[in-house]
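> I need the structure of the sequence given here:
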Amino acid sequence: MSSPSTVAGGAAPERLRVLALDDEAPALDELVWLLGREERIGEVISSDSAAEALRILHERPVDAIFMDIQMPGLTGLDLARVLSRFSTKPPVVFVTAHEQHAVDAFELNVVDYVLKPVRDERLAEAVRRVVSRIEGRESAPGAEDDSILVELAGVSRLIPRSDVLYVEAQGDYARLHTAAGSHLVRVPLTTLADQWRDAGFVRIHRSLLVALGHITEWRTEGGRTTVVLGGHELGVSRRHTRALRDLLVKRAQPGRERR
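Residues are numbered from 1 along each chain as shown. Below is the predicted model of the structure:
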């Protein structure tokens with residue numbers, strides 16, 4: 001096992017200290033080199049095992065972690081689960097050749113999921129997302145916006161939860177609808193309903209989950225209730241009508257504290 005090394009030292013205070021983790025030496029060297037070229041990164045600490053990375057994290061804080069998933073012993077997913085119990089969790093970017101861990105990555109709320117071979121512009125986008133996550137956390141503690149991994153034309157990317165207008169069930173999958181389009185994700189609607197409840201997403205039908213903050217109209221005609229958000233009119237089932245109406249009235253109360 002190699003000892004931790006540091007490159008691109010002499011960071012200015014506003015630049016990031018990051019940890020690069022990969023058990024394969026050529027891949028680790030390339031990742032360290034690519035990260036060292038990013039202007040927002042001032043220091044890159046490298047490690048070739050998750051166990052060693054944990055020791056590094058206990059010795060010195062880092063601003064973010066860029067790591068592989070499949071490693072002997074403690075995997076990247078295992079390490080991310082350990083980090084989720086930290087009082088201050090550094091943002092995580094997975095850098096991997098394997099797409100099949102995308103759902104697990106979503107559940108762990110990683111910042112990005114970069115596929116190998118790593119392209120300069122793709123890593124730059126991941127660094128930008130890390131910076132946004134850090135700045136958002138520092139300006140409003142606890143207000144961190146969750147994200148979900150989607151795939152479009154063979155490219156995996158994370159979209160902010162705040163961009164989602166509503167979610168539609170499609171069997172064991174869910175389709176996220178945003179102002180820019182829709183994305184099919186390998187996550188059941190029931191899972192999203194549980195995970196996003198505190199973020200203002202509510203069921204209006206057994207197959208529909210909506211973002212309360214995006215609802216602009218409430219319509220009732222002939223005993224049928226609908227809501228409008230982002231130009232889409234969606235039907236509300238009788239079972240959910242009263243609860244949804246009460247939530248909307250509560251949100252509209254003057255002087256109510258917004259969170």
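
> show me what contacts the residue nearest the centre of the chain?
Centroid check for the chain by C-alpha atoms, centre = their mean gives residue 147 as the closest residue, at 3.1 Å. Residue 147 makes contacts with 106, 109, 111, 158-161, as judged by C-beta atoms under 8 Å, 6 or more residues apart in numbering. Bear in mind the C-beta positions are built from the backbone N, C-alpha and C, glycine included.

> make sure residue 247 is actually in contact with residue 202.
Yes - with contact defined as C-beta atoms under 8 Å, residue 247 reaches residue 202; the gap is 6.4 Å.

> if you count what's nearby, which of these two comes out ahead?
Shown here are residue 247 and residue 202; by other C-beta atoms under 10 Å, residue 202 has more neighbours (18 against 15).

> check which helix or strand the more buried one maps to.
Element membership for residue 202 (DSSP states H and E) is strand 201-205.

> got the domain boundaries for this protein?
What automatic domain parsing lists as the domains of the chain is 5-144, 160-251.

> where does residue 72 fall, phi/psi-wise?
For residue 72, the backbone dihedrals are phi -70, psi 150 (criterion: degrees, to the nearest 10).

> please name the nearest non-neighbouring residue to it.
Computed as C-beta to C-beta, 6 or more residues apart in numbering, the closest residue to residue 72 that is not its neighbour in sequence is residue 23, at 6.3 Å.

> quick one: contacts for the one you found?
48-49, 68, 71-72.

> if we can go back for a sec, how about residues contacting the strand holding residue 202?
Applying C-beta under 8 Å, 6+ apart, the contact partners of strand 201-205 are 164, 167, 192-193, 209-212, 227, 234-237, 240, 243-244, 247.

> of the residues you listed, buried ones?
164, 167, 192-193, 209-212, 227, 234, 236, 240, 244 (16 or more other C-beta atoms under 10 Å).
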